[in-house]
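Trainee: the following block contains a protein sequence and its predicted model.
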Amino acid sequence: MTGPGPRTPGDELLLARISAAAGRERLGRRCATYKGVAHTPHAKTPPVRAVRRLLAQVRHGGPAAARERDDARLDLYERGMTVAVKGRIHVVRYDTTSVFRTSPPRPYDPSRGGGACTLTDVTGRRVVLRGGPEQGDEARWWEGIERGVSRAQLPAALAALDRGERLTFGDVWLTSEELGRGEIRVPWSRVRRVRLRDGSVELDVDGTWHGPGSTASEVPNPFVLRALVEHLGPDGAR
């Protein structure tokens, strides 16, 4: 998390722009500010392909990876967040964003980059986030995003299931009665857990793990899916 220190006129102007953007979307109180790096894929590039290309560049540490590594300021609010990168302010609302987790948080390594995720802002534009040079920041801002999106979207998801709707997360679908993926179609009494492992989404049915299916980069808001499974499974509230 960024600490207090002297602010330049440029810092004051950036903060004013961030506060104004957050105010227009009614994001509420600012909770934390972090440093990271960000990238905005080209609009015509499919999100999964763009993220995979970015990660490949970062892993190999080539010139393209250096060009993609833009310092970003992340401000987390009660109902969303802002990402300030290259003079642009992206506003993300927790209740409407789609978050795709492409790699987990890990200690920062400049030659390989940190974990990564991609979010959609209020205009529909994608923003890819990765950890910055401060090792502890990434896990904290990721936990804040996961917590905020889960709190905002889980009640609406549960209400949709109560209305008899079917929700999809990549190739996983669920209703209030059962869960399915591929040839798997089982009642909630048989579903125990869902986990992300080695980049794939796996399901625990009757104590047996089934996978791989969709990769984490193809499943929007996988932590919301996990929360739904925990709620609807045999050990949940139902």
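Mentor: Everything's here; your move. Numbers count the residues shown, from 1 in each chain.
Trainee: for His231, what are phi and psi?
Mentor: With angles defined as degrees, to the nearest 10, His231 sits at phi -80, psi -40.
Trainee: check Asn221 too.
Mentor: Recorded main-chain torsions at Asn221 are phi 50, psi 60, according to degrees, to the nearest 10.
Trainee: what's around the closest residue to it other than its chain neighbours, how many residues?
Mentor: Spatial nearest neighbour of Asn221, excluding adjacent residues (CB to CB, 6 or more residues apart in numbering): Val99 at 5.3 Å. All C-beta atoms are positioned from the backbone trio N, CA, C, and that covers glycine. Neighbour count for Val99, taken as other CB atoms under 10 Å: 23.
Trainee: beta partners for Val99?
Mentor: Judged by DSSP bridges, the bridge partners of Val99 are Leu119.
Trainee: ok, Gly36 - contacts?
Mentor: By CB atoms under 8 Å, 6 or more residues apart in numbering, Gly36 lies in contact with Ala72, Arg73, Leu74, Leu129, Arg130, Gly131, Gly132, Asp137, Glu138, Trp141.
Trainee: how near is it to Leu196?
Mentor: Noted for Gly36: a distance of 21 Å to Leu196, by CB to CB, to the nearest Å.
Trainee: in this protein, which spans are strands?
Mentor: Ranges of strands in the chain, per DSSP state E, are 30-39, 70-77, 80-85, 88-93, 99-103, 116-120, 126-131, 167-169, 172-174, 178-181, 184-187, 191-197, 200-205, 208-210.
Trainee: JSON lines please, covering those strands and showing mean pLDDT and distance to Glu218.
Mentor: Converted to JSON lines, the strands of the chain look like this (pLDDT from 0 to 100; distance: least, CB to CB, whole Å):
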{"stretch": "strand 30-39", "mean pLDDT": "92", "distance to Glu218": "19"}
{"stretch": "strand 70-77", "mean pLDDT": "93", "distance to Glu218": "24"}
{"stretch": "strand 80-85", "mean pLDDT": "97", "distance to Glu218": "22"}
{"stretch": "strand 88-93", "mean pLDDT": "97", "distance to Glu218": "20"}
{"stretch": "strand 99-103", "mean pLDDT": "80", "distance to Glu218": "7"}
{"stretch": "strand 116-120", "mean pLDDT": "89", "distance to Glu218": "11"}
{"stretch": "strand 126-131", "mean pLDDT": "88", "distance to Glu218": "14"}
{"stretch": "strand 167-169", "mean pLDDT": "93", "distance to Glu218": "9"}
{"stretch": "strand 172-174", "mean pLDDT": "91", "distance to Glu218": "10"}
{"stretch": "strand 178-181", "mean pLDDT": "89", "distance to Glu218": "12"}
{"stretch": "strand 184-187", "mean pLDDT": "89", "distance to Glu218": "17"}
{"stretch": "strand 191-197", "mean pLDDT": "80", "distance to Glu218": "11"}
{"stretch": "strand 200-205", "mean pLDDT": "81", "distance to Glu218": "8"}
{"stretch": "strand 208-210", "mean pLDDT": "86", "distance to Glu218": "16"}
